[in-house]
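# have a look; sequence and predicted model below, questions after that.
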Amino acid sequence: MENIPIEAINTKDRRFCISYPLHDNHLLASIEKIGIIEPIILLKVTPYIVISGFKRLEAAITFNHSHIPSLIQNIPEQQAFLYAIHNNITRGFNLVEKAIAFERMFHFNLPTPEVTEVITMLGIKSSEKIFKNLMAIANGEKALKDFIVVHNISMKNVEALLRFEPEERRSLISILSSLHFTDSSLREILELLSLMKVKKDVIDFNLIDHAKTMDEIRNILKRKIYPKLTSLEKRLQSIHKECSLHPNMDIKVDPFFEKEYIDIWIRARKEKEVHDAINKLMDLLKQGYIGSILELSKH
């Protein structure tokens, strides 16, 4: 191990960099307190090029260190890239880092056996669609990468995001970044926005720009895409109120009133609870409430 002057390192050359993002508050706090313990790995060229340890180098620069502990490797670039993969594999890679690593494999022209090994190590499924998505992530805009990492976006939702134009993605990410959402709620919003684009030819982000919750965004989009939806929802709420259902019962309609059937939900711990629920449903059937809900579902 050597203590290398930082000025002897090409800090701008990140051909082997896989880590994303480079800023790491936990690492900064640790290095500020006890310094850099684990050396970075440098390629023996002039000036040196970092193979692994980009976050530590960034921290050293942040704290104005003049030198950094380093291991010098005199190896070919393909092998250096594999060093970068193996040196980081134990910490686990986020989706953006997997995408970057996947893209760099082709940049370094790795032979097929090495490509297969890297794909296996990274836990990437061998699928043409996934490969295409990974390349799109690796070459995507910074806002997209940050959004994926910060919110741990699933590949399915990333694929949906990639269907939008870059400018549309930027607007959407700007709106959603400050909101709390689940994977399923994000998927629903992306589906609604895609539908709006199909029906209206354009997405009016001004409609949802000031929304405070995902529920608010969903309701705004549904009203815009389905003008009749609001009146149908109000009618359904009115019928539900008149039905006075037990807490262990529910009658559900497709959220967009597009399916010509309803779901009747019962939760029971005892036979009597089942019996009471069936009697209640029979009463609602006789009073015409079930028929009214079925009529709503046919709109």
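Great, that's in hand.
# secondary structure element for E273?
helix 271-286 (DSSP states H and E).
# and if you look at S185?
Using DSSP H and E, S185 falls in helix 183-200.
# just the buried residues of that helix, please?
185-186, 188-190, 192-193, 196 (16 or more other CB atoms under 10 Å). C-betas here are computed from N, CA, C, even on glycine.
# for the nearest residue to G140 once chain neighbours are set aside, list the residues it contacts.
Ranked by CB to CB, 6 or more residues apart in numbering and with sequence neighbours excluded, the top spatial neighbour of G140 is L162, at 7.7 Å. By CB atoms under 8 Å, 6 or more residues apart in numbering, L162 lies in contact with 133, 136-137, 140.
# strands - which of those land there?
Judged by DSSP state E, the contacts of L162 include no members of strands.
# now, those residues that are in helices?
133, 136-137 (DSSP state H).
# helices of the stretch 51-200 of the chain, start to end?
Along the stretch 51-200 of the chain, counting by DSSP state H, counting those that start in this stretch, helices occupy 54-62, 77-88, 95-107, 112-121, 128-138, 142-151, 155-162, 166-176, 183-200.
# and those helices as CSV, adding mean pLDDT and distance to P47?
CSV is the format used below for the helices of the stretch 51-200 of the chain (pLDDT from 0 to 100; distance: least, CB to CB, whole Å):
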stretch, mean pLDDT, distance to P47
helix 54-62, 94, 13
helix 77-88, 92, 15
helix 95-107, 94, 21
helix 112-121, 89, 27
helix 128-138, 95, 26
helix 142-151, 96, 26
helix 155-162, 96, 36
helix 166-176, 95, 35
helix 183-200, 93, 44
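# minimum distance to R267: which of the ones you listed has it?
R267 sits nearest to helix 183-200 of all the helices of the stretch 51-200 of the chain, at 21.4 Å, using CB to CB.
# report the distance from the closest one to the chain centre.
Remark: helix 183-200 is offset 15 Å from the chain centroid, using CA atoms, centre = their mean, to the nearest Å.
# which strand in the protein runs the most residues?
Ranking each strand of the chain by length (DSSP E) puts strand 67-73 first.
# distance between that strand and the chain's centre?
Distance, centroid of strand 67-73 to centroid of chain: 35 Å (CA atoms, centre = their mean).
# now do that strand: which elements does it pack against?
Applying 3 or more CB pairs under 8 Å, 6 or more residues apart in numbering; DSSP states H and E, one finds that strand 67-73 contacts strand 2-5, strand 40-43, helix 54-62.
# circling back: which among the ones in helices among the contacts of L162 gets closest to E273?
Nearest to E273 among those, with distances taken as CB to CB, is N133, at 47.3 Å.
# what's the burial count for that closest one?
A total of 21 residues lie near N133 under the criterion other CB atoms under 10 Å.
# state the distance from the nearest residue to it once chain neighbours are set aside to I137.
Leaving aside its chain neighbours, N133 sits nearest to E159 (5.4 Å; criterion: CB to CB, 6+ apart). Going from E159 to I137 by CB to CB, to the nearest Å gives 10 Å.
# now do the contacts for the closest residue to Y83 other than its chain neighbours.
Of all residues not flanking Y83 in the chain, I51 sits nearest, at 5.3 Å (CB to CB, 6+ apart). Contact partners of I51, counting by CB under 8 Å, 6+ apart, are 16, 40-43, 73, 80-81, 83-84, 87.
# return the members of those classed as buried.
Applying 16+ other CB under 10 Å to these flags 16, 40-43, 80-81, 83-84, 87 as buried.
# I9: which of these is nearest?
Among those, and counting by CB to CB, the member closest to I9 is L42, at 6.7 Å.
# that closest one touches P69, doesn't it?
No. Counting by CB atoms under 8 Å, P69 is not a contact partner of L42; they are 10.5 Å apart.
# who touches both of the two?
Residues touching both L42 and P69 (CB under 8 Å, 6+ apart): I4.
# let's verify the residue lying closest to L281 once chain neighbours are set aside: helix, strand, or coil?
Spatially, and ignoring its direct neighbours in sequence, L281 is nearest to I264 (6.8 Å; CB to CB, 6+ apart). At I264 the chain is in strand, as set by DSSP: H, G, I helix; E, B strand; the rest coil.
# cheers, nothing more for now.
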